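Participant: sharing a model that was predicted from the sequence below.
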Amino acid sequence: MSTVFKVFDVESQSNLDYARSCATMLSMIVQQKPRVQCITNTAAMDFTSDILLAVGARPSLTMGIDEIREFVASSDALSINIGTLDAMRKAAIIPAIETANDYHRPWVLDPVSAHASEKRCEYARELLELKPTVIRGNIAEIKALVGRDSPDAAWILAQETGAVVAQTGEADIITDGTKALMIANGDEMQTRVSAMGCAATAFVATFLAVNRRGFDATVQALLALSVAGEIAAAKSEGPGSLHMHILDTLYSLDKTLLEQRAHLLKCEEVAA
């Protein structure tokens with residue numbers, strides 16, 4: 001028997017609690033300036049770096065196999081994106097993850113296009129064996145990792161791997177396999193900016209660097225990004241100006257804006 005999610009509004013206090021905790025984590029990022037090691041795809045490097053810098057984190061984008069272990073050891077979190085799976089990146093990925101695990105650093109997996117290539121999906125599943133803290137992907141990528149077209153794929157993947165799973169798209173669903181929340185913020189225009197999802201993966205890693213509670217950190221990160229996207233879209237004439245405005249909005253995002261805008265929904269599984 002499969003399950004589906006039934007969606008309910010959360011209590012207004014829960015919205016406020018997450019908004020306030022998100023604001024607190026943003027302040028901690030500014031104070032602590034965590035370094036986040038990102039192995040990401042070519043198209044995402046600039047935007048990922050800009051988004052992390054906007055909130056006060058220190059991105060590192062090195063991929064050299066001769067230095068990746070040292071960089072990860074001195075980082076606070078690791079983000080792995082398999083979008084450009086060339087020889088250089090592939091050679092660095094497993095040593096980077098092994099080092100993160102050795103030093104008890106949280107790491108996030110972005111299984112980009114796992115649904116488009118059997119070989120890539122197999123590789124992503126191999127990485128799952130190395131125990132990511134969070135898996136962030138779109139619905140097609142999550143279903144590919146689970147191996148079947150199931151509406152509760154994110155829930156299943158979280159239960160199978162022990163990771164928090166963030167299924168992002170029109171609305172973002174975050175689950176640890178026992179509970180789930182949906183973020184109903186954001187704007188469709190965000191899908192028109194290259195690397196928005198890839199940057200979100202590194203953004204989650206940034207919050208994990210200051211908050212080791214994986215579920216809460218993932219909700220906080222995606223809430224901040226979605227609220228910023230919503231505000232930025234209202235100021236933008238198109239994707240070009242959205243790119244600029246989302247960076248500016250993240251830079252100035254505060255508790256007041258988050259309290260005004262945060263819209264979370266509770267997801268409960270029910271028998272199909």
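Facilitator: It's in.
Participant: can you tell me the closest non-neighbouring residue to Ala200?
Facilitator: Closest residue in space to Ala200, ignoring its immediate chain neighbours: Leu225 at 5.7 Å, by CB to CB, 6 or more residues apart in numbering. Backbone N, C-alpha and C define where each C-beta goes, glycine included.
Participant: ok, that neighbour to Gln32 distance?
Facilitator: 19 Å (CB to CB, to the nearest Å).
Participant: neighbour count for the two, which is higher?
Facilitator: A count of neighbours by other CB atoms under 10 Å puts Leu225 above the other of Leu225 and Gln32, at 28 against 14.
Participant: tell me the SS of the more buried one?
Facilitator: helix (DSSP: H, G, I helix; E, B strand; the rest coil).
Participant: that one against Cys198, yeah?
Facilitator: No - Leu225 lies out of contact with Cys198 (CB atoms under 8 Å); the separation is 12.0 Å.
Participant: what's the burial count for Ser27?
Facilitator: Ser27 - counted by other CB under 10 Å - has 14 other residues nearby.
Participant: and if you look at Ala140?
Facilitator: The tally of other residues near Ala140 (other CB under 10 Å) stands at 15.
Participant: give me the element it is part of.
Facilitator: helix 139-146 (DSSP states H and E).
Participant: for the helix or strand that that helix is followed by, what does the pLDDT average out to?
Facilitator: Next along the chain after helix 139-146, taking DSSP H and E as the criterion, comes helix 153-161. For helix 153-161, the mean per-residue pLDDT is 96.
Participant: now for this structure, the helix or strand with the poorest mean pLDDT.
Facilitator: strand 3-9 (a mean of 64; mean pLDDT, DSSP states H and E).
Participant: could you list the buried residues of the following helix or strand past that one?
Facilitator: Sequence-wise, the next helix or strand downstream of strand 3-9 (DSSP H and E) is helix 12-32. Judged by neighbour count using 16 or more other CB atoms under 10 Å, the buried positions of helix 12-32 are Asn15, Tyr18, Ala19, Ser21, Cys22, Ala23, Met25, Leu26, Met28, Ile29.
Participant: which stretches of the protein aren't confidently modelled?
Facilitator: Within the chain, the segments meeting pLDDT under 70 span 1-5, 8-9, 11, 269-272.
Participant: which stretches in it count as helices?
Facilitator: Taking DSSP state H as the criterion, the chain carries its helices at 12-32, 45-54, 68-73, 87-102, 118-128, 139-146, 153-161, 196-210, 214-235, 239-252, 255-261.
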